[in-house]
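In: 3D model of this:
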Amino acid sequence: MANRARWLMAFTALCIVAALLMPALPQPLAYHRFAGRRNVFGIANFADVASNAGFLIAGIAGLIVVFCGRARFEFASERWPWAAFFLGILLTAFASSYYHLAPDNARLFWDRLPMTTAFMGLLASQIVDRVGVRVGLMLLLPLLTLGVASVVYWRWTEEMGVGNVVPYVILQGYAVVALALLAIGAPSRYTRSSDLYWIFTWYVLSKVFEMFDAEIHSLAGFVSGHTLKHLAASGSGFVACWMLIRRRSAAGQASAAAMGQ
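Out: The predicted structure is shown next:
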């Protein structure tokens with residue numbers, strides 16, 4: 001357990017150094033030119049705005065699962081990283097809708113803040129499950145702070161006229177790689193730990209949709225890749241809800257199986 005924590009801390013330090021040393025890269029303005037621009041009911045970019053309903057539903061459902069006794073936690077304090085994850089998803093519904101009404105860097109700042117909260121909350125939840133409850137809870141606030149700082153730093157550099165989105169991009173990569181390393185190398189204290197791979201799958205699918213935004217819109221005509229990105233990304237939240245409801249203590253299940261033999 002201590003070795004896992006040390007490896008994770010070393011990887012975190014490496015990513016921080018990379019974020020500080022890599023050349024600055026401004027946010028490309030072309031990012032804001034999404035394919036789905038149809039106005040419906042007087043709402044600009046209607047599909048990209050309305051598709052955030054998936055985040056809204058997943059966020060609310062997740063918070064209900066976490067705080068209303070449906071989730072399986074060995075210790076009550078374990079709920080807080082998951083609460084941060086689902087709160088981030090819920091706030092993304094509002095922030096992303098606000099951004100897509102008139103996409104620009106200023107609004108993108110508000111969109112990215114809750115997304116980093118979700119990323120860091122999920123990472124902390126897996127540290128709790130797979131490394132140690134105390135370690136994961138101790139790292140929750142620093143991870144959330146690091147996520148917010150990466151977005152604030154990016155926006156500050158934009159206002160200074162230089163622009164540097166590199167720390168935010170590294171943070172996203174860091175969260176994904178750290179989660180993958182934990183999933184592969186550290187067994188969970190709960191059953192259904194493989195559901196984390198489905199959370200990854202929906203996330204990766206959302207990035208593919210985002211990458212082919214215009215191509216999908218050209219083929220389908222009525223929906224763009226970015227709209228599908230929102231729906232796929234919210235799928236991660238629904239998988240997490242299902243996992244928390246259905247999982248059990250791995251040690252308890254092993255004991256029950258041994259008694260049944």
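In: so how many other residues sit close to residue 43?
Out: Here the number of neighbours of residue 43 (other C-beta atoms under 10 Å) works out to 15. (C-beta placed from N, C-alpha, C; glycine too.)
In: and it, bridged to which residues?
Out: For residue 43, the beta-bridge partners under DSSP bridges are residue 40.
In: Test my guess that it contacts residue 101.
Out: Yes - Residue 43 sits in contact with residue 101 when judged by C-beta atoms under 8 Å, with a separation of 7.4 Å.
In: Need the residues touching each of these two.
Out: Where contact means C-beta atoms under 8 Å, 6 or more residues apart in numbering, the residues bridging residue 43 and residue 101 through contact with each are residue 49.
In: Neighbours of residue 244, how many?
Out: If you count neighbours by other C-beta under 10 Å, residue 244 ends up with 22.
In: Whatever helix or strand residue 137 lives in: how far from the chain's middle?
Out: The secondary structure element spanning residue 137 is helix 133-159 (assigned by DSSP states H and E). Between the centre of helix 133-159 and the centre of its chain there are 13 Å (C-alpha atoms, centre = their mean, to the nearest Å).
In: Stretch 199-219 too?
Out: The chain centroid and the centroid of stretch 199-219 are separated by 16 Å, computed with C-alpha atoms, centre = their mean.
In: What of stretch 234-244?
Out: Using C-alpha atoms, centre = their mean, the distance from the centre of stretch 234-244 to the centre of the chain it belongs to is 12 Å.
In: avg pLDDT for it?
Out: The average of the pLDDT scores along stretch 234-244 is 96.
In: Residue 134 versus residue 237, what's the distance?
Out: In this structure, residue 237 and residue 134 are separated by 26 Å, where distance is defined by C-beta to C-beta, to the nearest Å.
In: swap that for residue 230, please
Out: Spatial separation of residue 230 from residue 134 under the definition C-beta to C-beta is 36 Å.
In: So which of the two has more stuff around it?
Out: Legend: neighbour count by other C-beta under 10 Å for residue 230 and residue 134, higher for residue 230 (26 against 13).
In: So, low pLDDT: which residues of the stretch 151-261 of the chain?
Out: Along the stretch 151-261 of the chain, the model assigns pLDDT under 70 to residues 252-261.
In: Now do the contacts for the residue nearest to residue 101 when sequence neighbours are not counted.
Out: Once its chain neighbours are removed from consideration, residue 101 has its nearest residue in residue 44; the separation is 5.5 Å (C-beta to C-beta, 6 or more residues apart in numbering). Under the criterion of C-beta under 8 Å, 6+ apart, the contact partners of residue 44 comprise 37, 100, 101, 102.
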